[in-house]
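In: Please work out how this folds:
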Amino acid sequence: MKNHLLLKSTFLMFLFSIFIACSSSQEEDFEEDTSVEEESVTELHAAYAEFNTEATDIYLSNSGTTVTIETTGLPNHETVYWGSSSSLYKDEPDVSTTPSIMTSNNNAVTITVDAIPNLTGSTVNTELNTIGIAVSGASIFNDQEGNGALDEAAASLDWTGGHIGPGVYHYHLEPKAFSDDDENLIGILLDGVFLYGRKCNSTGTYPLDLDISGGHTASTQHTVGIDEYHYHIINEIYSTTGSYIAFEGPYQGY
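Out: So this is what the prediction gives:
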């Protein structure tokens, strides 16, 4: 009788061990099946060639799955914020300048973005501070200033929609120094999606199929006829500023 019970007990333990092994194997297989492999590239997108090389260092990182942009944040265009001792100084008597000038302010920023944006996830709202890097090398900000409406800081914006305060020199509005009612590249945003001017390269006029973020899928001057999702500065005047917000959001590429 004891031998019979021992055999029965041993058999049950054997079955239990098989069940555990199968369950563990199925769980491991499930984890492997649901893992998402990030897409990688071997060379930078053609649009990055337009960035100011004196201010930016742009390179592939994380085995080609991301792009890192290091910038001094010093733009290659005129503004009152350079200060009167600079050759890039522009006299703007109507601008209520903030205390800082370019040469006495640390404008350096480093961001890392997806080499291929993930357009399958949820939209994400923009936040304060740098939301992208412009081709000039300076930062792009959203439509807020210190958790308030941009109207509060409108008087301090220079001729190209930028200012210092607080933090780095940055654009809130369409940067007219290198894009004014055209299809020119503005820069790259934190989600890895490029931002262009108000017009579309594929049609030569204002696009009519933009989503809530000002984005759509069409060819650009950097894609050689291949359609690619990208943003445009939305063709609407912002409040009392008399100009156009560079990017309000939300991001689509997270």
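
In: Can you name the residues bridging to the residue nearest to the spatial centre of the chain?
Out: Residue closest to the average C-alpha location in the chain (Cα atoms, centre = their mean): L189, at 1.7 Å. Following DSSP bridges, L189 is listed with bridge partners G132.

In: any idea how far it is from T98?
Out: 24 Å (Cβ to Cβ, to the nearest Å). Placement of C-beta: from N, CA and C, glycine included.

In: list the contacts for the closest residue to T220 other than its chain neighbours?
Out: Distances taken as Cβ to Cβ, 6 or more residues apart in numbering put N201 closest to T220, at 4.9 Å, once the chain neighbours are dropped. For N201, the contact set (Cβ atoms under 8 Å, 6 or more residues apart in numbering) comprises 183, 218-221.

In: could you flag which of those residues are buried?
Out: 183, 218-220 (16 or more other Cβ atoms under 10 Å).

In: of those residues, closest to S40?
Out: T220 (21.8 Å; Cβ to Cβ).

In: just checking, the closest one touches Y229?
Out: No: assessed by Cβ atoms under 8 Å, T220 is found out of contact with Y229, at 10.1 Å.

In: Which residue ranges of the stretch 51-200 of the chain form helices?
Out: Using DSSP state H, counting those that start in this stretch, no helices are found in the stretch 51-200 of the chain.

In: lowest-pLDDT helix or strand in the chain?
Out: helix 2-34 (a mean of 43; mean pLDDT, DSSP states H and E).

In: my guess is L185 meets Y48, correct?
Out: No: using Cβ under 8 Å, L185 is not in contact with Y48; the gap is 9.5 Å.

In: Compare the two and say which is more crowded by neighbours.
Out: The neighbour comparison of L185 against Y48 (other Cβ atoms under 10 Å) goes to L185, with 23 against 18.

In: show me the contacts for S243.
Out: Contacts of S243 by Cβ under 8 Å, 6+ apart are 161, 173-174, 237.

In: go on, Q252?
Out: By Cβ under 8 Å, 6+ apart, the neighbours of Q252 are 117, 119, 123, 191, 193, 211, 213, 215, 229.

In: Which helix or strand contains L210?
Out: Assigned by DSSP states H and E, L210 belongs to no helix or strand.

In: Pretty sure it sits against H216.
Out: Yes: if you go by Cβ under 8 Å, L210 and H216 touch, sitting 5.3 Å apart.

In: The closest residue to F247 other than its chain neighbours and E152, how far apart?
Out: Counting by Cβ to Cβ, 6+ apart, L195 is the residue found nearest to F247 once chain neighbours are left out, at 5.8 Å. Distance, L195 to E152, using Cβ to Cβ: 24 Å.

In: between the two, which one's more packed in?
Out: L195 (24 against 12).

In: Run through the bridge partners of the more buried one.
Out: Here L195, judged by DSSP bridges, has bridge partners G187, Y231.

In: Wait, it touches H230, no?
Out: Yes: here L195 reaches H230: they are 7.2 Å apart, a contact under Cβ under 8 Å.

In: Endpoint to endpoint, stretch 65-82 covers what distance?
Out: Across its full length, stretch 65-82 reaches 36 Å end to end, with Cα to Cα, to the nearest Å as the criterion.

In: What mean pLDDT does that stretch get?
Out: Mean per-residue pLDDT for stretch 65-82: 97.

In: what comes up buried for it?
Out: Applying 16+ other Cβ under 10 Å to stretch 65-82 flags 65-67, 69, 71-75, 77-82 as buried.

In: Domain boundaries for this protein, per the record?
Out: Per automatic domain parsing, the domain ranges recorded for the chain read 1-35, 46-241.
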